[in-house]
Every structure is written in structure tokens, then in C-alpha cells.
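# Okay, predicted coordinates and the sequence, questions at the end:
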Protein chains: 2
Amino acid sequence: MTAFEVWAPAVSRVRVRLRPPGDEPNGVGAALAAVDEVHELAAGPDGWWRLELAELPAGTRYGFLLDDDEAALPDPRSPRQPDGVHELSATYDQDAFDWTDGDWTGRALPGSVLYELHVGTFTPGGTFDAAIERLDHLVELGVDLVEILPVNAFNGPRNWGYDGVLWYAVHEPYGGPDGLKRFVDACHARGLGVVLDVVYNHLGPSGNYLPRFGPYLQAGRNTWGELVNLDGPDSDEVRRYIVDNALSWLRDYHLDALRLDAVHALADDRALHLLEELAVEVDALSSRLNRPLSLIAESDRNDPRLVTPRAANGYGLAASWDDDVHHCVHALLTGERQGYYADFGSVDGVAKVLTGAYFHDGSWSSFRRRHHGRPVDRRATPGHRFVVFLQDHDQIGNRATGDRISATLSDRLCRVGAMLMLTSPFTPMLFMGEEWAASTPWQFFTSHPEPDLAANVAAGRRAEFAAHGWPPGDVPDPQDPETFAASVLRWEELAEPAHAAMFGFYRKLIALRRSIPELSDPRLEEVRVDTGAEWLTVHRGPYRIAVNLSDRRRAVALHGVPVDVPLATAPGFVYARQEIQLPAHSAAVVHCLS
Amino acid sequence: MTAFEVWAPAVSRVRVRLRPPGDEPNGVGAALAAVDEVHELAAGPDGWWRLELAELPAGTRYGFLLDDDEAALPDPRSPRQPDGVHELSATYDQDAFDWTDGDWTGRALPGSVLYELHVGTFTPGGTFDAAIERLDHLVELGVDLVEILPVNAFNGPRNWGYDGVLWYAVHEPYGGPDGLKRFVDACHARGLGVVLDVVYNHLGPSGNYLPRFGPYLQAGRNTWGELVNLDGPDSDEVRRYIVDNALSWLRDYHLDALRLDAVHALADDRALHLLEELAVEVDALSSRLNRPLSLIAESDRNDPRLVTPRAANGYGLAASWDDDVHHCVHALLTGERQGYYADFGSVDGVAKVLTGAYFHDGSWSSFRRRHHGRPVDRRATPGHRFVVFLQDHDQIGNRATGDRISATLSDRLCRVGAMLMLTSPFTPMLFMGEEWAASTPWQFFTSHPEPDLAANVAAGRRAEFAAHGWPPGDVPDPQDPETFAASVLRWEELAEPAHAAMFGFYRKLIALRRSIPELSDPRLEEVRVDTGAEWLTVHRGPYRIAVNLSDRRRAVALHGVPVDVPLATAPGFVYARQEIQLPAHSAAVVHCLS
């Protein structure tokens, strides 16, 4: 039996148009083909329309005809769009995949290291299957969870993923739903968990037919598009659309966590916020599946409520991204102060975030021209509730040329940055290629087929950076396939000595974090940081992370008697009573007697 | 010394134009008069402009000239607008009033009964001084706090008060700032506290010059107007404008509490919500002044976070309005089911709100076409945190003809409603005249001098009710002075037997609430309600409030042995073992042996 169900509360009639595999594709505006069948769905009292037919082969193309439409629309909950987001959907048997991860017991965030990758640019192949070929590299690196940028269906072959319009479908060029399942299965086989980036705060600019079906949108816009209707009339089903989607990824695709894009852009005035509702549902699923499931919010709100337990009136998410840690370390190491880096860059700022998670904890934000954030309860909030990174897709890709920190910063300082992140009380995350200081940039790329949209996106990008003094010609054209091609990792670099050395350092650093529990101790209250003009020392139990930021050799105080240096970013350190002599731009993990 | 200070971060120059008392008025567009003086203010680094002059007599008219303006604008923090909101401001010595309430130690909400009044229609005089003449009536009635509708400056003489534009000034026709102080002083002399209704969610449609001074507004609208900038760039000063205003009422005007209008319309995405910030500031002031100060939110969000203590991650307000209690009782007694009453009206609904405060505690709201609200923690939340009422200005005035419940409901059922409210665990509030079932309606009235605005408001009102089937001619014209006049209380009614009897009943009921502590016991978990098709019994310790809703005599179960009936809404009850026989449409407080 194949069931068709769709929520369309305000239409007079819903039919499904079917086409056997082999006769696709067919645009939404295309005429009925001779092979098509059309069946009427029955209206339910709840705004849903339903029909059950004898079992159809997987891959049967179908679309819904609303009212007296002659053009079929893709299913809002389409599991597959083999021919693109403007084309017919395809039936898919969610239970047919041959999973081999029966022994998988899950992977929680405490103690974990994340690795963010974009399927399309992680490998030259740009597919899930090509990515699988590189998983052993990640095992060797020592990370615990792979986080993939959004794979929901979007128009055009190449995109970061945030222009998704069919949230239940997996971008077909990556390998579609079975491709994602093969990827997750292969990760689990290697002990790697998988985090999926999901976007619920807006819909992409092309292929969004949801408003034809129901009031998925409401008045108002955020940075990226029209607001999703989370609290207006008929919003229960819209929320259900989101909640079911989240649960489906975790249940049907065996994912271990979801990264919720830009939750500050979710406009929800209900007493029960969508995030709390999601967390409740996901926690219940975790119990049913008997494996940990995590929700990780990206938020610029600096609001501890996101990760405060629900028993204490928080939303009870597993973690939230903490851009402040990035900004503090990035600005300190690079000296950059442009745009949103204006308030960052001091040694004391790094000390503040390492002990309190937020730099803006109610403090003045020059960029926002207002006070911002509120303090984290250091006693009650474990550091693993904050995902931190020296680099991520946004902090690289949203730069004019998509240059990684390693393009301008010395290898020495890159290592210092990595050491600060990977000895922190937080949940550290790497961005693909960071582990070998990849020479490839990661640029903003799109592939909108619509000429107007393509031109607008490209012009918008140029205008954004022109405002900051960038000549248009220096900003890569997001629509140019070369911009995408330039962003693909060059794995052959790993064989080059400098890159191999960086990779070796990251391996050692991650292994050290795992072997010395104090280095991942999440207790913020236990972190102490001594600071000076060009140095800092982070206390992690009997260990110190001593950092020399100056361009000359100097002594760094340890407040302890050094007995061993398990790892240093550079050779040439010498330790003595209560201090360590460090070469310029270097850092070391030092084991001390108290 | 007279100090002039104004925040105007984006102007090139600020001057103050002064005019001695006696030469007013002068519209904002009027030319400089021969008697005017103009002085230059000095720019501070914080966007503020300042000037100190030798002491000027109170009442000196002044206005600010921004940039090279020739027209002076009223001071955003004007304490007086003697000539109207479009005219010059007047200096005012906030410390000159001769207070006599030195012994006043404040009045907190627990155990209190509120009385809501509108200064303009409470008496034929329509002033604070005229209202003072009626305070002894309120003392006789037995209420604890008087709540006055907004008195901030608005354009035109007559208005509910929600069209205010100069939040620091007191509407001059009511008596201006000194009038308000005389009123508060007189209340305190009689043991009455005073609550002021304040509006921070929008500005009125006429006389709002704030955008000339700074970014007080931000993109977007709520039901009533443009959004106040609470979280955008430069919003710190806008929040300060609000916080300082709230503190000024409590400190300078000796108010005991503020009622915050429609807080669900405050668009604030900061991690520290304005309401929490306000509560923190007001609690600190309470400590400094050594008397209780309360913030009471009007909210349609049904979100317990408003009144949850800050230690438990709530905002820590003293109370919020609870419309659900009104809707449940109103719909039950009247049988009305139109509009937002759709879900209300069952006996069990009344039981639900009496034990849990919210009817919509996550339940389906037909009116909103979505689920709504979340449950109150009955163990941790005292009932006095919810202000309840059988009638209030909105529930009367937002009806097409502004008819009170007593215009259509029998005296008998009005008394039943009053008994349910005044024996509830909540903070009950009466609306002026309710205590004698005043025959006067309380209609929506305005007095916009601008013809276009006046026409739009009148047309909008008619259109709103036309949508519900009201012929335009049946909806009073808000601009017609007769609409206002019809809404003024007729105190002479109190001498008429039926009205006097109702007043006597309210007096006894309030006295009973005070004399029997169980009747105001705020513990929600201790409330139990037995229900039947046309009856209910509320358990309040050894007391029962037995209610017969049917139109015939009937027995109501008590689950206790009655020994006394301290108060009944109607004569003719007879009690026996475990039950009481009640006449049609009546209720009684029954003292029982358990």
C-alpha cells in the first residue's frame, strides 16, 4: 500500500498525479502526460487530504494538483526530488535501507570533538559516497562527530544548503536519501556520530510551493526571507511540519544530532517556544531509541536559556554555538578589528570567554550599538553546552574572498588557536581542511538557474563588500562555477610536508584532549586564566596551557612547578621553576605540580 | 539651577527655546515670539545634550530646536504639557509637592482587592481632584488599591489613555502632575494604594515627536502602532527612557504599582527582556524606598514566565492579568460564545481556571486557531500573581456598545460572578461602578482633533463591529462627545435601592474576603472544585462556595457538614447534611465541618 497525505486546509480539492518511473522529468507547469494517472484524495476534518493506493514502486513520480490546477506541485513532505525542486516528487520506502549500524549506541556531546563539512566541496566527487571514502581520515584525525551542512533539497546543483525548500528531501546530486543513509551508516561503522544542519527559520528563494498548500509563512521578514508561521493561526501544523522533520532525520536517517540554523530568526511568541517543543520531542525520541540525541542551536542571542535545563525554565537544548569564543581568539591572533570584531581581540577577552562562555554577557556591543547577552551560570552550566571553533563555514565563507585563517596567519599562530580551542571546556569543532591548513578557500557559492535571482545574489554579494571597501572584481562571483570549484578541498595537499605536519599536530592535540581528562573538563568554574599583555596561562587542573603571543621568546608564568610538556605548538621551549620559556607565537600544554 | 537634558544622538545641534509663563501657548510650528530666549545645549559623548541655566520659575515653557529647526519640539521627557502635546513643554519642580504620606508603608498585592477607574469618567468633573471626592466611597467599599487608566499626555481632551505620546507628562485636563500627586496623597491618607496603567508597547497617533530625537521606533507594527525599538541599534537609551519613566512614577509620584499594558506587544529579542530589566530595577527601588512596589503585566500570552521568580529564570513580575478567568465566568454566566469566547463557558472551565489560573494552558484555542499557553506550576505559583475580574475597561469598552455585564445579566447572576471572583485565590479587581451595577455603559471614546484621524478611528470602529453584524448606526461614534458623556458614572444611582443593594453586597463580599483568610488563600493546589451540569462547589479550606447556575432551586453538594452561611447572593437557601439548597441563580459561602 502506498499512502498519500498532505495538509492543505484551504483548498477545495486535492488530486495526486502519478507517473511511472522512466517517464520523468516533468516541470510543475508541464501538461499531463499520456502515461500519468490522476487520483482524488479524500478530505479529512483536520485539513489533511488522504489516499491509499496499491503499492507503487519506489521512485514513482507524483505531485499534488490543488483545486482545479493542471500543474502538479511537489509534496511538501517529499522524501525525494530526483529531478529537482520544481519537478515531481518521488515515492521512497523509508524502511527499505539495509542498515548495518545495529550496534551503534549513539554519540553524545560531552567530551566530543566535531568536524564540520560540506558534502559538495569536501571531495572532488561532491557526494555522500565520495565523502565516505574520506571517513578514515577523520578517524585518524580523532574527531567524534561529523557535522554536515544542510542537505535538504534546493534549486540548482551547488549551494551551501541554506536555500533549501523541501526540508524532508535530500539533495539528489549529493546522493539523495539513500546516499545520506549510506554516509551515516559508514560513519557509525567507524565510530563517528553524525550531526545534520537543518534550517527552520526561512525557506529558499526558489521552489517554495508551501504557501500554495497552507499558511506556512506569516507577515514579516528576517535576514533571509519571509517568516515561518510558528505562532499565528493554523501554526500548529507548521510546527508539526518542523518537529516531524527533525524527528525523521534522527529516527529514519539514524542521525545523532541536529544543528538548528540561526534560531534567533525563529519568530515565535508562544509561551511554549518551538525550541523547547523540539527539545521535548527529541528527548522523548532519544528515550524510545535508547541512544543520545542532541539539539544544537546556532544563536547570536547570547541567551543561556537555550541550554538551561527545562526543570530550571530553560529550553533544554544540548548546546549552542558560541561565536564569541571564535571572535575573541580570531581577533586576538589576527589583529582584525573590522565589522563585528570591533569589541574583540584582547587577551582578557579570551580569558573571559574561557571562563564564562560569553564575551557579551550583558556588555556593550559596538557592532550592535546596544548592550548584549546575559551571563552564563558558571556553576550550573557545563562548558560542553557551547560549540566553539577557530574556523567554521560562516567565519570563512562570509569573508569577501572566503579565505581561511591559515591564508594570512602563520602556521605557528594557527596552532596556538587550535590549542586554545581543543583544551577548552567547550565542545570544539573543526572546519573541513582546517586540520591540514588547507590552501583552498571556502567561498560563498550558489547556482541559481533563474537569471534574475542569480544576478541579484551576485550583486548583493558585491554590494555587501563594496560597503567595506572591496573592489567588485576582488569578490568572487558566487554564481561562477569556478568559485565553487576553488572551494573544493585538495586532498593531495595532505602529502605535502607543511600540511602533513599541521595534520600531525591536530591529531596529537585531539588525542591529548582525549587522554588527559582535565583538558576537556567542562566545569567553567574550574577554569582559571592568568593574563598579561602578550601572554596567557589557562589552568586546567594540574595542567597549564601557556601561550606566548609576542613575536619574541618570553617567559610565561605557570603558578605551578612544571614537570612535563605533553604537547607544544613549536619546539624550543624550556621550562624551569614556576615558568616556561616559550618561543615567539607558541603555546604549550604543561603538566605542573601544584 | 534649571537643567535641560535631551538625548538626540544624530542631530548636529540642539537649542532650547524658553518662554516665560504667561506667554503660552505656542504650537510647534509657530514662529519665535519676541519674548522667547534661545540657548545652545552642549553635546556630550553619549548622544545627550545638556545645559544648565539659572533657576527658572516652574511653568516656564520650553521646547527643543533640533539642527536648524525654527520650530521647537516638546521635550521627550516633558513633565508637563499645559497647552497640549503639540505645544511647548513646561518646567516642573518634581520635589516641590507637599506630600503628607510620610507614614505610608506601601501596599502589596497578596490579599488585596483592586479597583480600576478612568479619571475622566469616574466623576462628572473628570479630574484627579474630583476623583478624590469619591475616595471615601472606595474605602467604604473596602478595596485596597486603586488602578487608574493611563494618564500620560495624549492629544485631545478625552481618551481612554492608550494614545499617549509623552509618557512622562500627566494629562493636563486631569490636573497635571500636581493633580496626580494630590490624588495619590489622598489615597494614601485613606489607606489606599495606587496602581498606574502605563503603555510602553506603542505611541499614540498624534504628537509623537520622538523619532525626531532618536531611534525610538523600529521596523514593524503591532496592533496599535509602530514598534518601540527595544533591541535594535541604540536601543539602550530607549529602554532607559522606559525604565526611568517607570521608576519616576513609583518614586516621584509615590505610586505603589504599575500595570504594564499589553506586554505581549513589546517586541524584544534580547537575552534580557525589558520586563525582567524593569522588574530588577523596580525591586531595587523598592528596597531603597523601603515599601513594596509591584509590576503587573497585561499579557495574552498565558506564559507563566512573567510571574516566575527570577531565581527560577522567570521575569519575576508581581502579577499578570488573567483574561481566561474572566472569559470562563463571563461566558458561563451570559451564555455568550461569540469571538474570543468560543472556547469558554463550561462549568469545568471555571473549575480549571480556579485551580490552575489558565484555561489555555497549552490547549486548543479556536479563536487563535492554534494551541495556546502553558500550565502554571500550581505548587510554586501563588494565585495572587493573577489579576482577575468579572469586568474591566476592555471587556466592557471593547463591546460594540460598551455595555456592562449588568446591562443584560440579572442582578442575581452578577452577584454569583462577583462571589466567584472575590473568593478566588487570585487578586480580584473591580471596574468602577461595578459595585453598584452602574447603569452607565463604558464606551470607546476618543477626541482626536485631526479630522482625518478622527474619521479613521470612527470608521475603523464601525468596520470592526460591522464584521460581526452590527449596523453602523448601533455602534456609538467614539468621537461624539456624547459617547464620552454617556460613559461617566452617575453617582446619584447609588441612592436607588437596587444599586444600593448591590453596593451593600459588594461591601459584604469584600469584607468577608478580608475576615476569612481561607477565601483569599493563594495556594492553587489547595483549591478544589466539584462540578455538575449546572452547579459547582469551590472548596476553600473549611469553606465552600456553592453555586447554583440553574434557573430553578436545587441542591448543591458540599462534601462537608454545613454549620453556617456567612454570605449568600440571595435569600432562601436552606442547608442540611452535606448539601445546601440554593434558589435559582444564586451562590453562598458555606462554612463546613470537614
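Ah, there it is. On a predicted model such as this, the values are computed, not experimentally measured, just so you know. Residues are numbered from 1 along each chain as shown, chains lettered A, B, ... in the order given.

# Okay, helices next: where are they in the stretch 101-250 of chain A?
A:119-122, A:128-132, A:135-141, A:176-189, A:210-213, A:235-252 (DSSP state H, counting those that start in this stretch).

# Turn these into TSV, including distance to residue A:55.
C-beta: built from backbone N, CA, C; applies to glycine. Listed next are the helices of the stretch 101-250 of chain A as TSV, based on distance: least, Cβ to Cβ, whole Å:
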stretch	distance to residue A:55
helix A:119-122	32
helix A:128-132	27
helix A:135-141	35
helix A:176-189	18
helix A:210-213	25
helix A:235-252	19
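
# what about whichever residue of the stretch 451-594 of chain A sits closest to chain B, how many residues close to it?
At 16.0 Å from chain B, residue A:467 is the closest residue in the stretch 451-594 of chain A, using Cβ to the nearest Cβ. Counted with other Cβ atoms under 10 Å in any protein chain shown, residues neighbouring residue A:467 total 8.

# swap in residue A:481?
12.

# what do you get for the one 10 residues further on?
The number of residues packed near residue A:491 is 16, by other Cβ under 10 Å.

# what separates the nearest residue to residue A:111 once chain neighbours are set aside from residue A:83, distance-wise?
Once flanking residues are discounted, residue A:111 sits nearest to residue A:520: 5.4 Å by Cβ to Cβ, 6 or more residues apart in numbering or on different chains. To residue A:83, residue A:520 is 46 Å away according to Cβ to Cβ, to the nearest Å.

# Check residue A:459 too.
Distance from residue A:459 to residue A:83, by Cβ to Cβ: 29 Å.

# thinking again about what came up before, the more surrounded of residue A:520 and residue A:83?
It is residue A:520, of residue A:520 and residue A:83, that has more neighbours when counted by other Cβ under 10 Å, with 23 against 17.

# Quick one: residues contacting that one.
Residue A:520 sits next to A:111, A:384, A:425, A:513-514 when contact means Cβ atoms under 8 Å, 6 or more residues apart in numbering or on different chains.

# tell me the two of those that are most distant?
The largest separation in the contacts of residue A:520, counting by Cβ to Cβ, is between A:425 and A:514 at 14.9 Å.

# the more surrounded of those two?
Each of residue A:425 and residue A:514 has its neighbours counted (other Cβ under 10 Å); residue A:425 has more, 25 against 16.

# residues contacting that one?
Counting by Cβ under 8 Å, 6+ apart, the residues that residue A:425 touches are A:354, A:382-384, A:520-524, A:526-527.

# mind redoing it with 10 Å?
Counting by Cβ atoms under 10 Å, 6 or more residues apart in numbering or on different chains, residue A:425 touches A:354-355, A:357, A:378, A:382-386, A:388, A:519-527, A:538, A:540.

# Which of those residues fall within strands?
A:386, A:388, A:538, A:540 (DSSP state E).

# now the contacts of residue A:520 as a markdown table including distance to residue B:345 and pLDDT?
As requested, the contacts of residue A:520 are exported to a markdown table (distance: Cβ to Cβ, whole Å; pLDDT from 0 to 100):
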| residue | distance to residue B:345 | pLDDT |
| --- | --- | --- |
| A:111 | 55 | 95 |
| A:384 | 50 | 98 |
| A:425 | 55 | 98 |
| A:513 | 62 | 98 |
| A:514 | 63 | 97 |
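
# still on that earlier bit, residue B:254 is nearest to which of the helices of the stretch 101-250 of chain A?
Nearest of those (Cβ to Cβ): helix A:235-252, 44.4 Å.

# Now the next helix or strand after that closest one: average pLDDT?
Downstream of helix A:235-252, the first helix or strand assigned by DSSP states H and E is strand A:257-260. Per-residue pLDDT over strand A:257-260 has a mean of 98.

# re earlier: in PyMOL, select just the buried ones from the ones in strands among the contacts of residue A:425.
Remark: buried members of the ones in strands among the contacts of residue A:425, expressed as a PyMOL selection using 16 or more other Cβ atoms under 10 Å in any protein chain shown:
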select buried, chain A and resi 386+388+538+540
